[in-house]
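Peer 1: this is a predicted model, with the sequence first.
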Amino acid sequence: MAKPKKHVFVCSQQRSPGHPRGSCAHKGGAEVLQTFWAELQKRNCYEQVAVTYSGCLGPCDLGINVVVYPDAVMYSAVTKDDVAEIFDQHLLGGTPVERLLTPEPVW
């Protein structure tokens, strides 16, 4: 397996319903993760991109959160409808999707 150029981490943190911090899993994190995996497979770009689920990435109230390394870019409020744009513009195109960036004071 080749070393990928980008590594995407999708928060899949699960907390009990009503937890004060909430959780990305309850906001649809698994669906976003599955959509990333489907795009990866559809595009057959395994040598450029890896996708991994993760635990809490921090700003739970802004989730679903996604981090891209080595770029150190965090996206918040990501939906499955945003995944293709993240692939096209950032993961394969090299330019982060500005409208989804986590605010500077948060991360």
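Peer 2: Perfect, thanks for sending it.

Peer 1: tell me where the chain has helices.
Peer 2: 29-43, 83-85 (DSSP state H).

Peer 1: other SSEs contacting the shortest one?
Peer 2: Okay, so that is helix 83-85. On a contact count with 3 or more C-beta pairs under 8 Å, 6 or more residues apart in numbering; DSSP states H and E, helix 83-85 meets helix 29-43. To be clear about C-beta, it is placed using only N, CA and C from the backbone, and glycine gets the same treatment.

Peer 1: who touches the helix it packs on?
Peer 2: Outside helix 29-43, the residues that touch it by C-beta atoms under 8 Å, 6 or more residues apart in numbering are 8, 10-13, 23, 46, 49, 51, 53, 63-64, 66, 78-80, 83-84, 87, 92.

Peer 1: and residue 44, how many neighbours?
Peer 2: Counted by other C-beta atoms under 10 Å, the residues lying close to residue 44 total 8.

Peer 1: any idea how far residue 67 is from it?
Peer 2: 23 Å (C-beta to C-beta, to the nearest Å).

Peer 1: what is the end-to-end distance of stretch 88-105?
Peer 2: 27 Å (C-alpha to C-alpha, to the nearest Å).

Peer 1: need the residues that contact that stretch.
Peer 2: By C-beta under 8 Å, 6+ apart, stretch 88-105 touches 6, 8, 43, 45, 48-49, 59, 62, 65, 68, 71, 73-78, 82, 85-86.

Peer 1: thinking again about what came up before, dump the helices of the chain to TSV, plus mean pLDDT, mean neighbour count and distance to residue 17.
Peer 2: Output for the helices of the chain, formatted as TSV (pLDDT from 0 to 100; neighbours: other C-beta atoms under 10 Å; distance: least, C-beta to C-beta, whole Å):
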stretch	mean pLDDT	mean neighbour count	distance to residue 17
helix 29-43	97	18	15
helix 83-85	98	18	26
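
Peer 1: redo these as TSV? Include distance to residue 103.
Peer 2: Below are these laid out as TSV (distance: least, C-beta to C-beta, whole Å):
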stretch	distance to residue 103
helix 29-43	19
helix 83-85	19
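
Peer 1: quick one: low-confidence parts of this protein?
Peer 2: 1 (pLDDT under 70).
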